[in-house]
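Asker: Next come a sequence and a model predicted from it.
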Amino acid sequence: MKDTEMQPTKLVVILRCNDIERLAIARSILDNAEIFSTIRNEYMATILPIGEEMAAELLVEEKDIERATKLLKNFL
């Protein structure tokens with residue numbers, strides 16, 4: 001692989017819940033620390049909040065798990 005090609009990034013779930021506002025705040029905390037994050041199933045959790053199966057998930061890059069969980073420790 002050439003140096004200019006992007007490497008695939010593995011994303012890992014660090015928080016799963018149906019409270020979209022809570023996830024948005026957690027994502028904002030990570031953004032302020034310059035940690036990439038994304039929310040998966042955001043709309044399904046809002047439309048159909050039926051539990052863990054369709055819960056929204058906050059994901060970070062695998063390399064940032066430790067730092068992200070430390071930042072969110074008091075929030076979670």
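Answerer: Sure thing, it's come through. Treat the numbers as computed from the prediction; the structure is a model and nothing was measured.

Asker: alpha carbons only for contacts and neighbour counts from here, please
Answerer: OK.

Asker: quick one: buried residues of the helix or strand bottoming out on mean pLDDT in the chain?
Answerer: One helix or strand of the chain scores below all others by mean pLDDT, DSSP states H and E: helix 42-47, with a mean of 74. Of all the residues in helix 42-47, those buried under the rule 16 or more other Cα atoms under 10 Å are 42, 45.

Asker: Alpha carbons of it, in CSV - could you do that?
Answerer: Written as CSV, here are the backbone C-alpha positions of helix 42-47 (Å, rounded to 0.1, in the frame of the first residue of the first chain):
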residue,chain,number,x,y,z
GLU,A,42,-29.3,7.7,15.7
TYR,A,43,-32.6,7.9,13.8
MET,A,44,-33.8,4.4,14.5
ALA,A,45,-33.3,4.9,18.3
THR,A,46,-35.4,8.1,18.0
ILE,A,47,-38.2,6.6,15.9
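
Asker: What's the first helix or strand after it?
Answerer: Counting by DSSP states H and E, the element after helix 42-47 in chain order, helix or strand, is strand 56-61.

Asker: Tell me the gap between the longest helix along the chain and the middle of its chain.
Answerer: Scanning the chain for the longest helix, with DSSP state H as the assignment, gives helix 20-32. In this view, helix 20-32 has its centroid 8 Å away from the chain centroid, taken as Cα atoms, centre = their mean, to the nearest Å.

Asker: Show me what counts as buried in it.
Answerer: Across helix 20-32, burial judged by 16+ other Cα under 10 Å covers 20, 23, 26, 27, 29, 30.
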